[in-house]
Structure formats: structure tokens, C-alpha cells
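Participant: Quick one: sequence and predicted model below, then my questions.
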Amino acid sequence: MKKIFGLFLIALSGVINAQNNPNPGYWQQQADYKMEVWMDVKSFQYTGTQILEYTNNSNDTLKKVFYHLFPNAFQPGSEMDIRLQTITDPDKRMIKTFKVEEKEVKESRIATLKPDQIGYLKISNFKHEGVVASTKVVGTILEVTLVKPLLPKSKTTFSLDFDGQVPEQIRRSGRNSSEGVALSMTQWYPKICEFDFEGWHADPYIGREFHGVWGNYDVKISIDKNYTIGASGYLQNKNEIGHGYQDTGIEVKHSKKTKNLTWHFVAPMVHDFAWGADNNFIHDKIIGENGVELHFLYKNDPEYIKNWKDMQPKTAELLSFFNKAIGTYPYKQYSVIQGGDGGMEYAMCTLITGKRSLPSLVGVTAHEMAHSWFQQILATNESKHEWMDEGFTSFISDLAMNEIMPNKNKKQDNPFQSAYNNYFAMVAGGKEQPQSTHADRYDENKVYGISSYSKGTVFLTQLGYLIGSENMMKTLKRYYHDYKFTHPTPNDFKRSAERVSGAVLDWYLVDWTQTTSTIDYGIKEIKDDGKVILERIGRIPMPLDILVVYEDDSMESFYVPNPLMRFEKENPYPQIKRTVLEGWGWAYPTFEFSVSKPKSAIKAIVIDPSGLMADVNKENNYYEKVR
């Protein structure tokens, strides 16, 4: 990580530049929003208008478009509600647990919402270029039949009015969180669905991940003057609003007659817009690397103020770490906002719960901030490839935490061990599903979590085992450089790794992410003359690093290439003499090689001394002479 790619800072001019993508013929849509919103903080209802300029950069003629209406998920009988009632391990935040006749009952919190507690988003006056268009609401999706077909390489304008109600805070968005934050305004507005080379992605909101269209957001929010807002984008009228946003030396006073303030935000080149608000927020601001303003908005709770203050310089360190490890953050603002039900990433901001210890605050901020690179700037389709976002984010945030907040002032040799342990437990449990499973369609939340976060992390650390850790870190930079702002796929990341290393890696992508096959190698036998017989028990082929320790404490290592890679990794232990053996083809169940000394002189043999290969049975990976 010593060398940093010379990434130019992306000009946020409002025009999405996808020419950086190395895939010939790549295109993507663009959606530019203008919204005005009026929030009633007493009823938690809001009204708004939206004008959307939509550019069809595809070669398709579009006759319909689709919008997400996320708040509709928070109604009894919604798909999110029924999923809570039928999945075996519902999210604990979204249910009530109690006993009936000594039997534990789990009840969906959505199922019991009353009309004034539900969420909704009602659309009216939908017009296509000024002409009323036909619309239909199906759960959390608005289907729109266009007045006239939208031709390829052309743009059009949609306008609509909307009425919304903020639901009781159950999942991510909502009012009156468990920590007393009034408004967590995420997934709150009519948002056009993504249309890409695979077609429409009009997925219902069941509680998982997101996919969006890049564009420019111009948003005006009118709200009670006592409320402080943290949001995506840049506040345009900060010296009129105040609330800690005003320039140094500017004093902002509001007349007693003033009841509401209108906050004006502009967010360029993002694919979402979120905000949080409360009438008891503290707002702090510091300047991070490259002049990025870091904003912190949190409840005035004496018990946790110190932790929030101490977390701020650590956030600046995180920004610097991610800039160096991945690439330059292209915006000039990032906000950490107390709200929601845990931690969730949005454009230029995150909402997190705030009643935490300092390590917990830094940890959740590290993870959510890292999403800015993988989910907000690279923006893979999380619904289909959730492991790329959650796994890569977990990897880099674990690495950052090991550097910035080392456990008990000591860095861990393997900060990813818990990810391996979770993966091994999932395999042992027998309920694993392929990582290619749609995020909404996992049988259990636990399996989804381990597959996306832990197995996704191991995908990267194990890639480091395959091509070398330095090449793997270079791959992250190359991937970011080549695919930022372009919705890359798993194959795009694989190709980045191949370009950096020269290895062939299709087999790895397929076997690891599209199957539940496992890695299991073992030392089958050691003959008296020093011949070692290895066996492959699992279905996934791997190259092998083997370390031999002799009775005199001398060592030698052996490398068994995987012929599918057409690649020879550099010696990870340059201080130890290494012998590169012939490749071990997948079809052969065993492999033989000879060490320099007879069995009697061998103290120990270890397959993969690094521990980075996710072999599901470590017991047969080593031989140790019995004394």
C-alpha cells in the first residue's frame, strides 16, 4: 500500500462520465432530481414536488418506467411484514418477543402498526412532459406507462407530487428512534429504479440492499426552525440557516416570527439522497484530508458527548486511510448523523446509532464510511452481488480499524480471523447458499450476513493468498480507478485482478461465489524416504504453499501451482528457500513430491502457514512428529 495510483479528482460538473469504464460499449442512465419538501414535525407527514430529468443512454426504447416507494413497506401485510413473519430468524430490531403460555412468540412490529404509525408514499399528478401519465402502485413499486416512448439516446422530464408519512422507526428510516432521534429520512422519496444492460431492477423493498441511478440532486426541505439537519450534499444557504453550518464569524439569528426554515442542498453525481433531523442535535465540523468537511450531528446526551468528540479525529484518519488504500474520495463533504437503527450508508453521509463506546463508534463509522467507496462510488448492484459491497467494505474497514484502533494497542496478525470463523461455522451448519443468491432470497438472515460480510471478506483475503497481498491491494486501486461511477459486476473486479497480476481467475470467481463448494486439502501420508502425498478432498482447486520444518530447525517451502491460474505467485517467505513444483490438476485426487530429508528428520509440515486459504478442515493440514 506504499504506492498510490495517481487518480485524478473527478470533476463534479453534473455530467456522469462513464468513459473511464474499460468495457467497450458501456452505458448508464442518468436521473437529475429537483425536489421541494415540507415536513410537519408534529404529524410526521410531509408533502413534496419532484421534477426528474431522465436521460436514456441505452439502445432500448422505453415504454414504461418504475419508481421505488420505499415507505410503503412499513404497512401491515406488506412483503416486508410477511417476510418478518415467515423467516426463521427475523431481525430482532423489527419484532417484539414475548411469551404466551410459556411459549416464545415473535411478532412483527410492522403487523401491529396503526394508521398514524405506518409509512406511506402516495403519488399524484404524475406527468410525462406535462401530460398526465397512467400509473399503478404495486406494493413498493410505482409502474408508469409513458405518454410516448422514450427513444434511445434521448432525455425527458417527469413531474409528480407526493404525500408521505414517516413510519415508526423499525428499520433504517423512521421517526422517534430508540435513541430519541426525531427523523431518520432514508428511502423517503419517489426514486426511479435502475435500468441497465440487464434491464429493469424494480425490486420490491423487503429490507435488504439497493441499486440506483446516478444524477444530480437539488433538494429543498422546509422544517421547523429548531430542527438541525444533516444530509447528503452541500448546503447552499448555510449563512441563512446557521445551525453550525455558517461560515466562521457569521452570526445567524432567526426572527421569533419565523416558524420554518428552508434548507437547500445540492448533491452532484450521487445515486441517493438521505437526511436526518432533530431539535436537540449538536453539530460539529472538522476539516479532513483534501479539504473534505466532516460533519457530526448527534444528540445532546452528556453520557456520550465525549465519545462523539473523540471519534471525530479518528474519522479524519479513516478518510485518509481509505484515500490511500482505495483511491481519492471525490466529494468535499461527509456527515456522520445519529439516527436509524444501527448503521447504514448513504450518499455523502451515514446514519448510525450513537449511544456507543468510543471503539464501537469508530468501528461503525469506519464500516459505513468505507461504503462510500464501494457502494456510493463503485455501486455494484447490491441486490445481486451484495458480497462485493459488504464483503469489500468489511475487509477495508477491518484493515483500517487494525491500523487506527488496534486492539489493546497491539495490531492483530490477522484482523480477518472472525470472518474466517464465521464462514467455517456457516459451512459446518449446512445451510450455506451461493453468493449469487439474490439478497432478498436467502433462507436465513444469519446465512445472508455471513455470506455477504464474512465470505465476501474472505474472497479478498484469499485472493491475496492466490496472487499475493501486494497484488490484491493494487487490484483494489485498479478496480476503483477503472470502474468508479459505473456499476461494476463481479467479472469486472475479477478482470481488474487479472490485469494487475497476470493470473487467470475465472475459476476462482465461479467456484467461490456461484457454488457452495469448499476447500479441503490434507496431508495423506509421509513415506520414510521423505515423499509426501497430499490429497484434495474439497471441490475447489487451489495453489498450495507448504512449509517443512526439520529437526535441526532449518526450513524449506514448496509451492504447488494451480494450473487453472497459469500463474506463479512470488515467494511469500523470501527468507526461506522455495521449490516450485509442477502444477496439480483438478482432476487428480492426490499429489506427490519429495522433501530434502527423510521422514525421520522432519519436525513438521504445514499446508498454508499463512492461514489465508479458507480450508474447512485445518486438522489434516499439518503433520507434527509425535515425541
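Facilitator: Arrived safely, thanks for sending.

Participant: Quick one: low-confidence residue ranges for the stretch 151-300 of the chain.
Facilitator: Counting by pLDDT under 70, the stretch 151-300 of the chain shows no low-confidence range.

Participant: Show me the helices in it, by range?
Facilitator: Along the stretch 151-300 of the chain, counting by DSSP state H, counting those that start in this stretch, helices occupy 238-241.

Participant: just the chain next, same as before
Facilitator: Using DSSP state H, the helices assigned to the chain run over residues 79-86, 238-241, 305-325, 358-371, 386-404, 417-429, 445-449, 455-467, 469-483, 490-501, 506-513.

Participant: What residues sit buried inside stretch 486-495?
Facilitator: 486, 487, 488, 489, 490, 492, 493, 494, 495 (16 or more other Cβ atoms under 10 Å). Bear in mind the C-beta positions are built from the backbone N, C-alpha and C, glycine included.

Participant: In a markdown table, list the residues you listed along with distance to residue 611 and pLDDT.
Facilitator: Listed next are the buried residues of stretch 486-495 as a markdown table, based on distance: Cβ to Cβ, whole Å; pLDDT from 0 to 100:
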| residue | distance to residue 611 | pLDDT |
| --- | --- | --- |
| 486 | 35 | 96 |
| 487 | 34 | 96 |
| 488 | 29 | 97 |
| 489 | 30 | 97 |
| 490 | 25 | 98 |
| 492 | 29 | 98 |
| 493 | 23 | 98 |
| 494 | 24 | 98 |
| 495 | 28 | 98 |
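
Participant: between these, which is closest to residue 273?
Facilitator: residue 487 (18.1 Å; Cβ to Cβ).

Participant: Let me see the contact set for that closest one.
Facilitator: If you count contacts by Cβ atoms under 8 Å, 6 or more residues apart in numbering, residue 487 has them with 28, 194, 196, 211, 378, 379, 380, 381.

Participant: Could I get the buried residue list for stretch 359-368?
Facilitator: The neighbour-count check on stretch 359-368 (16+ other Cβ under 10 Å) flags 361, 362, 363, 364, 365, 366, 367, 368 as buried.

Participant: now what about that stretch, what contacts it?
Facilitator: 307-308, 311, 314-315, 318, 336, 342-345, 350, 352-354, 356, 393-394, 397, 400-401, 404-405.

Participant: Recalculate using a threshold of 7 Å.
Facilitator: 307-308, 311, 314-315, 318, 336, 343-345, 350, 352, 393-394, 397, 400-401, 405 (Cβ atoms under 7 Å, 6 or more residues apart in numbering).

Participant: now swap in stretch 608-622 and tell me
Facilitator: The contact list for stretch 608-622, computed with Cβ under 7 Å, 6+ apart, reads 414, 420, 423-424, 427, 458, 461-462, 464-465, 518-523, 538, 542, 544-545, 547, 572, 604-607.

Participant: average model confidence for it?
Facilitator: On average, the pLDDT along stretch 608-622 is 97.

Participant: now that stretch, how far from the chain's geometric center?
Facilitator: Relative to its parent chain, stretch 608-622 has a centroid offset of 28 Å by Cα atoms, centre = their mean, to the nearest Å.

Participant: Alpha carbons of that stretch, as PDB, please.
Facilitator: Presented in PDB, the C-alpha positions along stretch 608-622 are these (Å, rounded to 0.1, in the frame of the first residue of the first chain):
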ATOM      1  CA  ASP A 608      -0.700 -22.800   4.100                       C
ATOM      2  CA  PRO A 609       1.200 -21.400   7.100                       C
ATOM      3  CA  SER A 610      -0.400 -18.000   6.400                       C
ATOM      4  CA  GLY A 611      -3.900 -19.300   7.300                       C
ATOM      5  CA  LEU A 612      -5.400 -17.200   4.400                       C
ATOM      6  CA  MET A 613      -6.600 -20.200   2.500                       C
ATOM      7  CA  ALA A 614     -10.200 -21.000   3.700                       C
ATOM      8  CA  ASP A 615      -9.600 -24.700   4.200                       C
ATOM      9  CA  VAL A 616     -12.600 -26.000   6.000                       C
ATOM     10  CA  ASN A 617     -10.700 -28.700   7.900                       C
ATOM     11  CA  LYS A 618      -7.400 -27.500   9.300                       C
ATOM     12  CA  GLU A 619      -6.800 -30.700  11.200                       C
ATOM     13  CA  ASN A 620      -5.400 -32.500   8.200                       C
ATOM     14  CA  ASN A 621      -3.300 -29.500   7.000                       C
ATOM     15  CA  TYR A 622      -0.300 -30.200   9.200                       C
END
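
Participant: May I see the buried residues of it?
Facilitator: Neighbour-count burial for stretch 608-622, counted by 16+ other Cβ under 10 Å, picks out 608, 609, 610, 611, 612, 613, 614, 615, 617, 620, 621.

Participant: Can you add distance to residue 272 and pLDDT and give the buried residues of stretch 359-368 back as TSV?
Facilitator: Below are the buried residues of stretch 359-368 laid out as TSV (distance: Cβ to Cβ, whole Å; pLDDT from 0 to 100):
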residue	distance to residue 272	pLDDT
361	23	98
362	24	98
363	23	97
364	19	98
365	19	98
366	20	98
367	18	98
368	14	98
